[in-house]
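Q: Have a look; sequence and predicted model below, questions after that.
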Amino acid sequence: MLFNIKRHESRKFNYIPRYYDKKAEQLKREKIIKGEDSNSDFSERLHMKLQENRKLQRKSTTRILVWIALLALLLYFMLS
């Protein structure tokens, strides 16, 4: 060939499209929490447990703040 003309091929990626199935994730989470899923590795179980603890802590904090607000309102009305 007189001129070396290279044709560039398009890049190929090993992309596998995924979708989020909320029901399947919830079932998997419940199995991990109950200890039924023996396939789950330690880091995944730890992550799920930490998420549960954060959720419980958030609920507890919210509950305490609501009680403090109610007591403050009650005290305000009693003193006024």
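A: The structure has been received and is ready for your questions. Numbering: from 1, shown residues only.

Q: Need the distance between the two termini of stretch 12-32.
A: Counting by CA to CA, to the nearest Å, you get 36 Å between the two ends of stretch 12-32.

Q: List the buried residues of it.
A: Neighbour-count burial for stretch 12-32 flags 28-29, 32 (criterion: 16 or more other CB atoms under 10 Å). Placement of C-beta: from N, CA and C, glycine included.

Q: Okay, now the unreliable bits of the protein?
A: Scanning the chain for pLDDT under 70 picks out 1-3, 36-40.

Q: can you pull out the helices in it?
A: In the chain, the helices defined using DSSP state H lie at 22-34, 42-79.

Q: The last one relative to helix 22-34, how many degrees between them?
A: Angle, helix 42-79 to helix 22-34, by axes from the mean of the first three to the mean of the last three CA atoms, to 10 degrees: 90 degrees.

Q: Output the contacting helices and strands for helix 42-79.
A: With contacts defined as 3 or more CB pairs under 8 Å, 6 or more residues apart in numbering; DSSP states H and E, the packing partners of helix 42-79 are helix 22-34.

Q: repeat for the shortest one
A: Helices and strands touching helix 22-34, by 3+ CB pairs under 8 Å, 6+ apart, are helix 42-79.

Q: for the helix it packs on, the distance to its chain's centre please.
A: Distance, stretch centre to chain centre, for helix 42-79: 18 Å (CA atoms, centre = their mean, to the nearest Å).
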